[in-house]
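**Student:** Task: produce atomic coordinates for the following.
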Amino acid sequence: MNGPRAYLRVVLSRMLALLVVFSGPAIAVQIEPNPNPQNNTITITPSTPGENLVPFSNAGIINIQPSASLSNASRFENAGGVFSAGTITNADVFINNRVFTLQEGSRFNNLASGLYSGFQGSVGINGTFVNEGAVTHSLGHITVGERGEYIQRQSLGSSVTPTTITPDAPFTNAGRVHIAAGDFIIDPISVRGVSATYDQSSTGTTQIDARLQNIGGTVRNAGAITIGATGEYRQESPIPGFLPGSTVNTGTFTNTGTTNIVTGGFTNQGSVANSGTFTVGTAGQYVQEVSSGSSSHPGMNNSGTFTNAGTVRIGEGTSFGNFSNRTPPVAQYIQQASGTTHIHGTFQVGGAKVENGGSMTVGSTGTYHQAFNKFVPVVSTTVNSGTFANAGSTVINAGTFTNYGAVANSGTFQVGVVGPGAVINHGSVVNSGTFEVAAAGQVTGSGSYVQNAAAAQTIVNGTFAHNVTLQAGTLTGTGTIQGTVQNYGGLLLPGNNGLGTLTIKGQYAQGFGGTFGVNLAGLSQGVTYGLLAVQGTGAAVTLGGSLKVGLLNGFSPSLGNTFGVLTCTGCTMSGGLRSLSLPTLASGLGWSVGFVDGLGTLQLAVVSTPIPGSGAPEPGTLLLVGAGFVGLVGWRRRQIEASSARSAAL
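**Tutor:** The predicted structure is shown next:
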């Protein structure tokens, strides 16, 4: 009897083992009760997975344990609390009107056929929320914790484009958001539009490889937002003139795709890097500023294309750099006719191109700096066909600055101070500040150059192949002007500090209000005293106005000293000076000025004078020598008396 029983026990044990091995996962059961009333708790465990196949409403609590699952294939409405540490898969409609929490390690899969609607409820995501269908969150909060993820992607093989819309709902991210497909839209639909926000903390990251649209809402980023090569960040108003939208970046914003600020403001208090396309629309603004109490220096590094049709403001203490990468494309800053750029910080162009068809203003604290970039084979260029107004500092140390529009300088404009920079002017330049062409610099073009302020100065130590109109201020330097200089009301003072040679290859015309000045500090022509060397043809020099002479470094001219202060090579002089200002000489000495025909030179000479009272000229007065100097021969003595008070340098 024991034999058969023992055999039976063995068979049964083996069958039980096979049953365990081949039993597979537990079979899901419909969650109940339905509806789930208040104060009642439904617990879903790994061994009893839940599913919903009929319309279901919850007013109580649903707990989903780790490794447990809930599948929804019908309409699920939550007016209580759903707390998940496991996995929820939604293939139909999941409506949250109260509290929904994804704990760490949990997952919510919204399939392509699924709709998640957070109408009045809030969701806290400390696990992973994957959207392959549609998500709408109307009023409640969406909060992604530091360990949470919100991923929007297209389901493999599906034709459904996933979307997330947060009308009037705040979205807060301290973890990771990845928009891999479809649209993520911040879209206020009511007067509560101020609550349609996307707030990202310093620990948060957002990767946009599809499109994030801020339709009149507010985006605040203290973490990292990255627009991938296929991604777009777009901000615009839902209705013209209403809720323009705003973005405030205090973290990092990296665009390798497309960013469009159609309306509203993009305020950068952190760091922006653009290697894609960044566009500011006619109703848009890009503003860089230092946040209150911050010691940081916000900046933009543009190695792509930045197009402005609206307003760009580079605040004091911030920088906007345009630097090409070693490989194409070339970095570009393009401003359309409707665009304005205000520079109160630093705007840099290094191996990049700037095109301005609108209005560009460099404020008193601003700097526009164009330099050579040794790392890229791209010449720095600026092309202005609009207006360029400089009240601060503009430095062209490399490449070209070409003007077809209007340039107004009331600050300091320098060309070729460190490197070989050039200005090509086919428009108009008006200088009321300091315009300096250094030794490595050059100015060319067929436009107009006018200096019109008493304190203004043009310093030419390089090449100025351009006409000059001097209405006021000074023209100095030791370089070469190739063109015509018309001096109607300014002071032409050859050299630097009045010492050295300024060359004009063309014509010099000095009108009634103009002044030609020289400083004397020794006897070496064009070295220790000033020389204007004109090279031209015909009557290339016309003298009217005044002649002023000053002394430098304690120099005291002696009897017989001569100073050739203006030469005319291949040309002749004409006209007549109306007044003189000469330094006082020692007793018994006087000045003689005249044109030396053989040398083509306007010459000052120190001569002896008769004793006062003899009827001859007194010490320090002018004797006229040289009949060839037509305009001076007829002067009367009272018109040429030298001022005894004018012995200082000019």
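
**Student:** who's in contact with the spatially most central residue of the chain?
**Tutor:** Against the mean C-alpha coordinate of the chain, by Cα atoms, centre = their mean, the closest residue is Phe320 at 3.6 Å. Residues in contact with Phe320 (Cβ atoms under 8 Å, 6 or more residues apart in numbering) are Gln288, Gly299, Met300, Asn302, Val312, Ile314, Ile343, Gly345, Thr346, Phe347, Gln348. Yep, even glycine has a C-beta here, placed from its N, CA and C like the rest.

**Student:** Using the three-state scheme, assign it.
**Tutor:** Look at Phe320: counting by DSSP: H, G, I helix; E, B strand; the rest coil, its state is strand.

**Student:** looking at the sheet around it, what are its partners?
**Tutor:** Partner residues in beta bridges with Phe320, using DSSP bridges, are Met300, Phe347.

**Student:** Pull the distance from stretch 91-99 to the chain's centre.
**Tutor:** Relative to its parent chain, stretch 91-99 has a centroid offset of 46 Å by Cα atoms, centre = their mean, to the nearest Å.

**Student:** residues of it that come out buried?
**Tutor:** Judged by neighbour count using 16 or more other Cβ atoms under 10 Å, the buried positions of stretch 91-99 are Ala91, Asp92, Val93, Phe94, Ile95, Asn96, Asn97, Arg98, Val99.

**Student:** All the helices of the stretch 301-450 of the chain, residue numbers only.
**Tutor:** Listed in chain order, the helices of the stretch 301-450 of the chain (DSSP state H, counting those that start in this stretch) amount to none at all.

**Student:** Point out where this structure drops to low pLDDT.
**Tutor:** Residues of the chain that meet the criterion pLDDT under 70 lie in 1-25, 189-195, 598, 610-648.

**Student:** re earlier: tabulate the contacts of Phe320 in TSV, adding columns for distance to Gly264.
**Tutor:** Formatted as TSV, the entries for the contacts of Phe320 read as follows, by distance: Cβ to Cβ, whole Å:
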residue	distance to Gly264
Gln288	16
Gly299	21
Met300	18
Asn302	20
Val312	14
Ile314	18
Ile343	22
Gly345	22
Thr346	25
Phe347	23
Gln348	27
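
**Student:** Tell me the one among those nearest to Ala438.
**Tutor:** Checking the contacts of Phe320 against Ala438 by Cβ to Cβ gives Gln348 as the nearest, at 19.0 Å.

**Student:** show me what contacts the nearest residue in space to that closest one that is not next to it in sequence?
**Tutor:** Leaving out its chain neighbours, the residue that sits closest to Gln348 by Cβ to Cβ, 6 or more residues apart in numbering is Gly321, at 4.4 Å. Counting by Cβ under 8 Å, 6+ apart, Gly321 touches Gly299, Met300, Asn301, Asn302, Gln348, Gly350.

**Student:** Count residues in the vicinity of the third one, would you?
**Tutor:** Read that as Asn301. Neighbouring residues of Asn301 were enumerated by other Cβ atoms under 10 Å; the total is 18.

**Student:** and if you look at the fifth one?
**Tutor:** The local packing of Gln348 (other Cβ under 10 Å) involves 21 other residues.

**Student:** Let me see the contact set for it.
**Tutor:** By Cβ under 8 Å, 6+ apart, the contact list for Gln348 reads Ser319, Phe320, Gly321, Asn322, Phe323, His369, Gln370, Ala371.

**Student:** repeat that with 7 Å
**Tutor:** For Gln348, the contact set (Cβ atoms under 7 Å, 6 or more residues apart in numbering) comprises Ser319, Gly321, Asn322, His369.

**Student:** among those residues, who's most crowded?
**Tutor:** The member of the contacts of Gln348 surrounded by the most neighbours (other Cβ under 10 Å) is Asn322, with 27 neighbours in all.

**Student:** how near is that one to His344?
**Tutor:** 17 Å (Cβ to Cβ, to the nearest Å).

**Student:** now do Asn431
**Tutor:** The span separating Asn431 from His344 equals 21 Å under the rule Cβ to Cβ.

**Student:** Going by residue numbers, what spans are helices in the chain?
**Tutor:** Assigned helices in the chain, in chain order: 2-21, 630-633 (criterion: DSSP state H).

**Student:** picking up where we left off before, of the contacts of Gln348, which is the nearest to Asn260?
**Tutor:** Here the nearest of the contacts of Gln348 to Asn260, counting by Cβ to Cβ, is Asn322; it sits at 19.3 Å.

**Student:** Count the residues that sit near the closest residue to that closest one other than its chain neighbours.
**Tutor:** Nearest non-adjacent residue to Asn322, counting by Cβ to Cβ, 6+ apart: Ala352, 3.8 Å away. Other residues within reach of Ala352 by the criterion other Cβ under 10 Å amount to 26.

**Student:** pretty sure Ala352 is touching Asn325, no?
**Tutor:** No: between Ala352 and Asn325 there is no contact under Cβ atoms under 7 Å: 10.3 Å.
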